[in-house]
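[1] structure for this input, please:
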Amino acid sequence: MSSADRPATRLATRLAFFVAGFGIACWAPLVPFAKARLGVDDGVLGLLLLSLGIGSVVAMLLTGVLSARYGSRPIIVASGFMLALILPLLAIAGSPTSLALALFAFGAALGSIDVAMNIHAVEVERAAGRPLMSGFHALFSIGGFAGSALMTVLLSLQLGAPACTLICSVLMLLAMFATWPRLLRSVQVQDGPLFVLPHGSVLLLALLGAITFLVEGAMLDWGALLVIGAGLVTEAQGGAGYIVFSIAMTIGRLGGDAVVARIGDRTTLLWGSLIAIAGFVILLTAPAAAVALGGFLLIGLGASNLVPVLFRRAARQTVMPTGLAVAAITTAGYAGVLIGPAGVGFVARLGGLPMAFWLLAGLMGLVTLSARIVTAEQRRMTRVDA
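    Residues are numbered from 1 along each chain as shown. Below is the predicted model of the structure:
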């Protein structure tokens, strides 16, 4: 296996994260066009969108098994090219059935590359001997910004959805051709069992991952409604909070590797979660829009490096093969994104949206309380490995 501690492998990992973020973001602006083209109502559209999530979750579970046997490189390559090739189909699918199948395949490609690129990333980080995971995840966010912005600009030029997706697909293909030869030939190949139920510290890491992803999903789906319902902003200004949250999270991840290298994983989990909780308190008690935006800012900064740390912990635990552990955390996190916002809506229906957000703050407190447990487990495993 070629050395994992090379600029080329780090570049390939960053490109894989960028392509994943770019690909999923290209789909978001196409949703209204798909609804109009098929003539479906919101209920049917919701079911169609669910097929994307189902495809992702199924692929994540299978990717953990396949990567444990064959490594992450072939999965990254195959799923990256699949994302690029399936994207145009989302713009031309002429029936609900064909769109559901295309979304399932698109979701499967996204779920596969999501797990495989994180497995590749933890190996590259381990070889480098310094934190790199936050920077890798920042490229996913940057790819998301680039994909949504480019697709929006192209659609505004009245080029037509199929032509716009072809342009974006070509860019993704070029990125994947640059990524392919720089990926490690073999990463985290396991000779043990191909399937292991999550257990031990991996269960805790998966729970914390689900909580953190849930917070991110709730900010996207419910953040605007919270500040609008509180009378702090108008409907036209409701998206400002999520913009601030996204920018803060991206900036936090771009600088996260240096911060983690200085203060360590335990302190990052502890203070990151506490900063996010403080952001929730400010957001929920804000008397004015500017103060509420400060809450969004703190939540984004605080949560920005939690997920990268959790993936690093998965790479260093010894109770499960790394690939299966990363797949478990990714799947749990994705479930948090898919199911969590619906749970927020259920709680909001019973006790109001502010109560649901207070509950999110309480769940983030579990990350604070678990910081010592996660790092204590790591110290114990380090002594065993030594």
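[2] report the distance from the host helix or strand of Ala116 to the chain centre.
    In this structure, Ala116 sits in helix 96-128 according to DSSP states H and E. Distance of helix 96-128 from its chain centroid, counting by CA atoms, centre = their mean, to the nearest Å, is 10 Å.
[3] and the average pLDDT for it is what?
    What helix 96-128 shows for mean pLDDT is 89.
[4] count the residues that sit near the closest residue to Leu293 other than its chain neighbours.
    Nearest residue to Leu293 in three dimensions, chain neighbours excluded: Val244, at 5.2 Å (CB to CB, 6 or more residues apart in numbering). (Glycine included, C-beta is placed from N, CA and C.) Using other CB atoms under 10 Å, Val244 has 21 other residues around it.
[5] helix, strand, or coil at Val244?
    Following DSSP: H, G, I helix; E, B strand; the rest coil, Val244 is assigned to helix.
[6] over to the one 3 residues further on?
    Classification of Ile247 into helix, strand or coil gives helix, according to three-state DSSP.
[7] so what's it scoring on pLDDT?
    Confidence for Ile247, expressed as pLDDT, is 87.
[8] isn't it up against Gly300?
    Yes. Under the criterion of CB atoms under 8 Å, Ile247 makes contact with Gly300 at 7.2 Å.
[9] more neighbours, those two?
    More crowded of Ile247 and Gly300, by other CB under 10 Å: Gly300, with 28 against 16.
[10] look up how far Leu52 lies from that one.
    Distance, Gly300 to Leu52, by CB to CB, to the nearest Å: 25 Å.
[11] repeat that for Gly144.
    Counting by CB to CB - Gly144 and Leu52 are separated by 15 Å.
[12] neighbour-wise, which of those two wins?
    Neighbours of Gly144 and Leu52, each counted by other CB under 10 Å, are more numerous for Leu52; the result is 24 against 21.
[13] Ile277 in helix, strand or coil?
    Relying on three-state DSSP, one would call Ile277 helix.
[14] read off the pLDDT value for it.
    So Ile277 comes in at 96 (pLDDT).
[15] surely Ala224 meets Ile243?
    No. Using CB under 8 Å as the test, Ala224 is too far from Ile243 to be in contact (10.0 Å).
[16] show me which of those two is the more surrounded one.
    The neighbour count for Ala224 versus Ile243, taken as other CB under 10 Å, is higher for Ala224 (18 against 13).
[17] buried sites along the host helix or strand of the more buried one?
    Assigned by DSSP H and E, Ala224 belongs to helix 201-229. Across helix 201-229, burial judged by 16 or more other CB atoms under 10 Å covers 201-219, 221-224, 226-228.
[18] got it, and stretch 300-320?
    300-317, 320.
[19] just those residues: which are in helices?
    Among these, the ones falling in helices (DSSP state H) are 300-303, 306-316.
[20] roughly how far apart are the nearest residue to Trp180 once chain neighbours are set aside and Phe213?
    The shortest distance from Trp180 to any non-neighbouring residue, by CB to CB, 6+ apart, is to Val77 (5.4 Å). Using CB to CB, Val77 is found at 26 Å from Phe213.
[21] returning to that earlier point: which strands or helices does the helix holding Ala224 pack on?
    If you count contacts as 3 or more CB pairs under 8 Å, 6 or more residues apart in numbering; DSSP states H and E, helix 201-229 packs onto helix 240-254, helix 265-285, helix 289-303, helix 306-316, helix 322-351, helix 353-385.
[22] how about 6 Å then?
    helix 240-254, helix 306-316, helix 322-351, helix 353-385 (3 or more CB pairs under 6 Å, 6 or more residues apart in numbering; DSSP states H and E).
[23] including distance to Asp41, could those go into CSV?
    CSV is the format used below for the helices and strands packed on helix 201-229 (distance: least, CB to CB, whole Å):
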stretch, distance to Asp41
helix 240-254, 26
helix 306-316, 35
helix 322-351, 18
helix 353-385, 25
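[24] deepest in the core, which of these is it.
    helix 306-316 (a mean of 24; mean count of other CB atoms under 10 Å).
[25] tell me the angle it makes with helix 265-285.
    150 degrees (axes from the mean of the first three to the mean of the last three CA atoms, to 10 degrees).
[26] what lies in contact with helix 306-316?
    Contact with helix 306-316 is made by 118, 122, 133-134, 137, 205, 208-209, 212, 265, 268-269, 272, 322, 325-326, 329, 374, 378, as judged by CB atoms under 6 Å, 6 or more residues apart in numbering.
[27] now stretch 322-333: average pLDDT?
    78.
[28] residue contacts, the residue nearest to Ala218 when sequence neighbours are not counted?
    Once flanking residues are discounted, Ala218 sits nearest to Val344: 5.1 Å by CB to CB, 6+ apart. For Val344, the contact set (CB under 6 Å, 6+ apart) comprises 218, 222, 356.
[29] with Arg6 instead?
    Under the criterion of CB under 6 Å, 6+ apart, Arg6 has no contact partners.
[30] measure it to Glu123 for me?
    Counting by CB to CB - Arg6 and Glu123 are separated by 12 Å.
[31] now Leu15
    16 Å.
[32] again with Leu47
    38 Å.
[33] of these two, which one has the most company?
    Legend: neighbour count by other CB under 10 Å for Leu47 and Glu123, higher for Glu123 (23 against 12).
[34] many thanks, we can stop here.
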